[in-house]
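Chemist: Sequence and predicted structure, then a few things I'm wondering about:
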Amino acid sequence: MIEITLLGTGSPIPDPNRAGPATLVRAGGQAFLVDCGRGVLQRAAAVGVGAAGLSALLLTHLHSDHIGDLGDLLITRWITTFAPEPAPLPIIGPPGTAEAVEATLNAFRHDIGYRIAHHADLNAPPAVEVQEYTDGPVWDRDGVSIRAAPTDHRPVTPTIGFRIESENTSVVLAGDTVPCAGLDELASGADALVHTVIRKDIVINIPQQRLRDICDYHSSVEQAAATAARAGVGTLVMTHYVPALVPGQEEQWRALAASEFGGRVELGDDLHRVEVRARQ
Ligand SMILES: [Zn+2]
Ligand SMILES: [Zn+2]
């Protein structure tokens, strides 16, 4: 069984009830944080997961809403890991990730200096192990394997999705993307697909061109559902709702997805949890 928890279902627009994009995937005793939006550690705390308990951070791309709390994650993990020689945090993302992580650590260099000076048992800055990929296997430990494939969120490039496999069960995280061959291949036959979605039918009518611009590099609910159908996945999990999902309107979103996809559809608020089991 793989357990998906939508830690943050929001978008760049701050929402009192939705943290920024972040999904927790627990598989084979390991915990993967996929993207790192605002408020992610507060949401993770709500399900008993701390920064020190993460096996790895996976980043789909470097848009601000997906890496907004990277600094909080790096510093909090550092100061809440009490092992004498803490293992570095594996961070897996597209090219550019190492530079973003390094710049974030640089932004916090004063804080890092204060804490090393103050605590006798903190002698080195946060330990990270960044690996950049655009395609192929990225993780294989203790029965959990992960591979990446390119997605299409142009002009944001490169961007990647992830396929996490454990005990014959597979979960794919698409990130932000329009329908594309890379994602179709990555998601093929997966038990669940976690896909960011926007309501183009609503966003296209917003009288602000800058907001309407987002339509050309995101999938609508129907497009995400069509991807799920083409790939033959079992469950479509929708997140990163634009505009925010209004309580009581879940059925509208569900109906749009059902127009293209006949499988199980999951959506909801932050901390919505989906258990994924291998299909027979
Ligand atoms: Zn994006
Ligand atoms: Zn986004």
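Modeler: Perfect, I can see it now. Fair warning: this is a prediction, and the values are worked out from it, not measured in the lab. Ligands and ions are numbered 1, 2, ... in the order given.
Chemist: Would you mind measuring from residue 88 to ligand 1?
Modeler: For residue 88, the distance to ligand 1 (CB to the ion, to the nearest Å) stands at 27 Å. Where you see a C-beta, it was placed from the backbone N, CA and C, and this is true even at glycine.
Chemist: secondary structure element for residue 78?
Modeler: helix 70-80 (DSSP states H and E).
Chemist: Which SSE is immediately downstream of that helix?
Modeler: Counting by DSSP H and E, the element after helix 70-80 in chain order, helix or strand, is strand 89-93.
Chemist: could you dump the helix or strand following that following strand to PDB, C-alpha only?
Modeler: Beyond strand 89-93 on the C-terminal side, the first helix or strand identified by DSSP H and E is helix 97-107. What follows is helix 97-107, C-alpha atoms only, in PDB (Å, rounded to 0.1, in the frame of the first residue of the first chain):
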ATOM      1  CA  THR A  97      17.800  22.500  -8.200                       C
ATOM      2  CA  ALA A  98      21.300  22.600  -6.900                       C
ATOM      3  CA  GLU A  99      21.600  26.300  -7.500                       C
ATOM      4  CA  ALA A 100      18.200  27.000  -5.800                       C
ATOM      5  CA  VAL A 101      19.200  24.900  -2.800                       C
ATOM      6  CA  GLU A 102      22.600  26.600  -2.600                       C
ATOM      7  CA  ALA A 103      21.100  30.000  -2.900                       C
ATOM      8  CA  THR A 104      18.500  29.200  -0.200                       C
ATOM      9  CA  LEU A 105      21.300  28.000   2.200                       C
ATOM     10  CA  ASN A 106      23.200  31.200   1.400                       C
ATOM     11  CA  ALA A 107      20.100  33.300   2.200                       C
END
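Chemist: immediately after helix 97-107, which helix or strand?
Modeler: Using DSSP H and E, the helix or strand that follows helix 97-107 towards the C-terminus is helix 109-118.
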